[in-house]
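Novice: Only the shape, not the letters, is given here:
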């Protein structure tokens, strides 16, 4: 008899790689410029919710003139949120599925 050990097969589960595309900065700027807090939803859901209520307050408290400040703030927030998201992706961050 041979002293060889029986051949053992190791079954590894298949490796799953989920590729996530970075967010487009130009699209984030365009959406937030055109649609304000609704366009900000592309870059940051939490930012969109916050700015929605800030814009509502600006409309009622300043008779709409406050939008001259809050609307551009949506664009700035979209730029910052998109850059932060893309930097996290570059460092290996995997966002939750469905976001």
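Specialist: Here it is on my side, so go on. Keep in mind the model is a prediction, meaning the values are calculated, not measured.
Novice: switch to C-alpha atoms for all contacts and neighbour counts from now on
Specialist: OK.
Novice: Could you look up the SS state of the residue nearest the centre of the chain?
Specialist: Residue closest to the mean C-alpha point of the chain, counted by C-alpha atoms, centre = their mean, is residue 43 at 4.8 Å. On the three-state scheme (DSSP: H, G, I helix; E, B strand; the rest coil), residue 43 is labelled coil.
Novice: Surely it and residue 28 touch.
Specialist: Yes - judged on C-alpha atoms under 8 Å, residue 43 makes contact with residue 28 at a distance of 6.1 Å.
Novice: Now the residue nearest to the centre of the chain: phi and psi?
Specialist: Main-chain torsions, residue 43, degrees, to the nearest 10: phi -90, psi -40.
Novice: which helices and strands does the helix or strand hosting residue 46 pack with?
Specialist: Element membership for residue 46 (DSSP states H and E) is helix 45-62. Applying 3 or more C-alpha pairs under 8 Å, 6 or more residues apart in numbering; DSSP states H and E, we find helix 45-62 packed against helix 37-40, helix 67-90.
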